[in-house]
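# model this:
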Amino acid sequence: MKLWTIAALTSVVLSLPATLQAHHTQVTFYFMDQVVEVTGVVKRWALVNPHPELVLEVTDASGETKELRVYALGVAGMMSRAGWTRDSLVPGETVTVLGSPSRASDSSMAGRSVTKASGTVLVMGGGGPPQGPSGQ
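Down below sits the predicted model:
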């Protein structure tokens, strides 16, 4: 009985890293090899675990206004170390976001950076330093 219990516990412990890595694999949800640029008005900003969220109001090519959810790839604590605070973005301000588009929908993206009207750049994660949109 002891041997079976040890074997079961060992199997659970060894499988945890794979489970945790699977949860944080962004390639499943976003085109991480692509970078797009979107400008919009901040509707909401939440510095929360596990993925901080920015909601922008953007205008699409047809002139229709829609919400875009931009998810940070790091946990809230990592973003705090990158200079983010709960007050980094305020509703009503216009920002430009670089990020990777969603595989499933045009209403979300994985954020890489946010550039404020003042020129201040805040890094969100996901692929290292900010880079221009694909093809630039």
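
# Mind listing the strands the helix or strand containing residue 43 pairs with, and their directions?
Following DSSP states H and E, the helix or strand that holds residue 43 is strand 36-46. Sheet pairing of strand 36-46 (DSSP bridges) gives strand 53-59 (antiparallel), strand 94-101 (antiparallel).

# what sits up against the very next helix or strand once past the first one?
What that stands for is strand 53-59. Next in sequence after strand 53-59, counting helices and strands by DSSP H and E, comes strand 65-71. Contact with strand 65-71 is made by 38, 40, 43, 51-60, 97, 99, 107-111, 114, 124, as judged by C-beta atoms under 8 Å, 6 or more residues apart in numbering. Every C-beta, even on glycine, is put in place using the N, C-alpha and C of the backbone.

# Strand 65-71: which residues count as buried?
Across strand 65-71, burial judged by 16 or more other C-beta atoms under 10 Å covers 68, 69, 70, 71.

# Please produce JSON lines containing those residues, extended by pLDDT and distance to residue 118.
Listed next are the buried residues of strand 65-71 as JSON lines, based on pLDDT from 0 to 100; distance: C-beta to C-beta, whole Å:
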{"residue": "68", "pLDDT": "95", "distance to residue 118": "21"}
{"residue": "69", "pLDDT": "94", "distance to residue 118": "24"}
{"residue": "70", "pLDDT": "93", "distance to residue 118": "19"}
{"residue": "71", "pLDDT": "89", "distance to residue 118": "24"}
